[in-house]
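**Q** Dropping a prediction and its sequence here:
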Amino acid sequence: MSTKFNHKKIHKETWVAPDGDTCNQIDHVLVNQNKSSMIQDVRTLRRPNCDSDHYLVKTVITQKLIRMQKNSNTQRKQWSRKNLQNKEKLNQYRQSLYNKLEIAEECQNINTEWQQIKDSVLNAAIEVIQDENKEPRKEWWDDECREALEEKNLARMKCTNRRRRMNQNHYMEKRKTANAICKRKKKKWINDKIKQIEEANRKNKTRKFYKNSAFFNKKQTQLIPLCKDNNGAIISEKILVLEKWKQYFNKILNSETQQAKNNYEVPLQGNDGEEIETPTYKEINNIISKLKGNKAPGPDNITAELIKSVGYILKLRIYNLILKIWKNEQIPEEWTEGIICPIFKKRRSKTV
C-alpha cells in the first residue's frame, strides 16, 4: 500500500543512509487484498523526531469498530486526601452534608433510608472533597530538558531541509547534549527517590515506603480469566467461569454459615436471662470514632474518613437506621454485597 498513493518523493522516502544523501523506501504497509479498501492514505512524516535514521510512516485507516459493552461495575472513587486534611474543606463538607440531610427526611423503609444517607454523603463529598487529582508525571522533566529538546528538533529540521555536513554535525552535537541532560536529570531523580525510600524505611513509615517503592515495581498481575471445573477441565468462557466462582463461594461461605448455626445458637438473652439492650448512641459513636482510616471503600464508595469527619446529624441518622435494623431484624440489601478478590495459588494458578 505504500506505493499506491500519489505523493512527492520526499514523502515516500522512509530511510536515510549514513552518508546523509541517499534515501530509500524500505518501510512498507502490507495488508490483505480484501482489506485494501480500509487504507485511505500512506505517507512519510519528516517533522517528528524519532532519534532514528527512519522517518515516521503515517497510515490513515477507516475501520468500523465494534461497540464495547460497558462494565456495569461502578468505578471506585479516590477522595482527595489533601481536602480531607483541610479544616476549611471539612467544615464546608459538614455544612453541605447537614443541608442535604435536612432536606432528606427520615423514612421508615430501611433500604430507602440508607439510600438517602448514602446519596447525601456522596453528593456532599463530590461537591467539596472531590476526587484525587492525578497530576501529570513530570518527575525529572524540567525547562532545561525542554529547551535542549527544542534545540535538537530545530537542528534536525534544518538538517532535513538542507542536507549539509555542517548541519548534520550540528544536529549530532545538539542530540548528544540533549540526551546527556535528560540522562543526568533522570539519574539524579532516581537516586533521590531511592534515598526517600531508604529514609522512609529507616523511620518506619510503612505507607510512604510502599508508595515510593511501587514506582520500581510496575508489573501488575492480572487475574487469569480461566479456571478448572470439578473434573479438572479448563473453563475459558466468561459466563461459565463466573458460574464456577459462584458455586465455589456459595459452597464455602454458606456451608460454614450453616454449620456455625447448627453448632452455635446466638442467645437472644444475656447470661442472667435478661434481654440484650438495644445499642445506645454512645456505643455507635465510639464505634464510628474507632474506624481505621486509609482503607479502600466498598461498593458504596464511602470511606471511613467521610463518616468520622462529620458532626452529630449524620451519626444520629446512622444510629436511627441501626435502631430500625435492630427492631425489624433486617439490613439494607446493599449491605449484603461485597467485593471478593480471589488470590490464585502460586503453582496452580488456574485452580479454584
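**A** That came through fine.
**Q** For the chain, just list every one of the strands.
**A** Taking DSSP state E to define them, one finds strands in the chain at 15-16, 23-24, 39-45, 56-61, 227-228, 234-235.
**Q** Turn those strands into a markdown table, columns for mean neighbour count.
**A** Any C-beta I mention is one placed from the backbone N, CA and C, and that applies to glycine too. Below are those laid out as a markdown table (neighbours: other CB atoms under 10 Å):
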| stretch | mean neighbour count |
| --- | --- |
| strand 15-16 | 18 |
| strand 23-24 | 14 |
| strand 39-45 | 17 |
| strand 56-61 | 14 |
| strand 227-228 | 17 |
| strand 234-235 | 14 |
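**Q** Point out where the stretch 1-150 of the chain drops to low pLDDT.
**A** For the stretch 1-150 of the chain, residues meeting the criterion pLDDT under 70 lie at 66-75, 134-136.
**Q** For Ser96, find the nearest of the strands of the chain.
**A** The closest of these to Ser96 is strand 227-228. By CB to CB, the value is 45.6 Å.
**Q** Just checking: what are the partner strands of that closest one?
**A** Sheet pairing of strand 227-228 (DSSP bridges) gives strand 234-235 (antiparallel).
**Q** Residues contacting the strand it pairs with, please?
**A** 226-229, 241, 244, 350 (CB atoms under 8 Å, 6 or more residues apart in numbering).
**Q** and these as TSV, adding distance to Lys100 and pLDDT?
**A** TSV is the format used below for the contacts of strand 234-235 (distance: CB to CB, whole Å; pLDDT from 0 to 100):
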residue	distance to Lys100	pLDDT
Leu226	46	75
Cys227	44	77
Lys228	49	79
Asp229	49	79
Val241	41	82
Lys244	43	85
Lys350	48	49
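**Q** Weed out the non-buried ones from these.
**A** Buried by 16 or more other CB atoms under 10 Å: 227, 241, 244, out of the contacts of strand 234-235.
**Q** Give me the neighbour count for the closest residue to Ile302 other than its chain neighbours.
**A** Closest residue to Ile302 apart from its sequence neighbours, by CB to CB, 6 or more residues apart in numbering: Val121 at 5.7 Å. By other CB atoms under 10 Å, 23 other residues sit near Val121.
**Q** just Glu132 next, same as before
**A** 14.
**Q** how far away is it from Ala104?
**A** Look at Glu132 and Ala104: by CB to CB, to the nearest Å, they are 27 Å apart.
**Q** same check, this time on Asn111
**A** According to CB to CB, Asn111 stands 14 Å off from Ala104.
**Q** Same check on Asn285?
**A** Between Asn285 and Ala104 the computed distance is 21 Å (CB to CB).
**Q** need the helices for the protein, in chain order.
**A** Remark: helices assigned in the chain by DSSP state H are 81-84, 87-103, 110-124, 143-161, 165-202, 206-213, 238-263, 281-289, 304-308, 312-328.
**Q** Serialize the contacts of strand 234-235 to a markdown table and add fields for distance to Glu275.
**A** As requested, these are exported to a markdown table (distance: CB to CB, whole Å):
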| residue | distance to Glu275 |
| --- | --- |
| Leu226 | 52 |
| Cys227 | 47 |
| Lys228 | 50 |
| Asp229 | 49 |
| Val241 | 47 |
| Lys244 | 44 |
| Lys350 | 52 |
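**Q** wait, which of those residues is closest to Thr336?
**A** Distance to Thr336, by CB to CB, is smallest for Lys244 among the contacts of strand 234-235, at 21.3 Å.
**Q** Not counting its neighbours along the chain, what's nearest the closest one?
**A** Nearest residue to Lys244 in three dimensions, chain neighbours excluded: Cys227, at 5.5 Å (CB to CB, 6+ apart).
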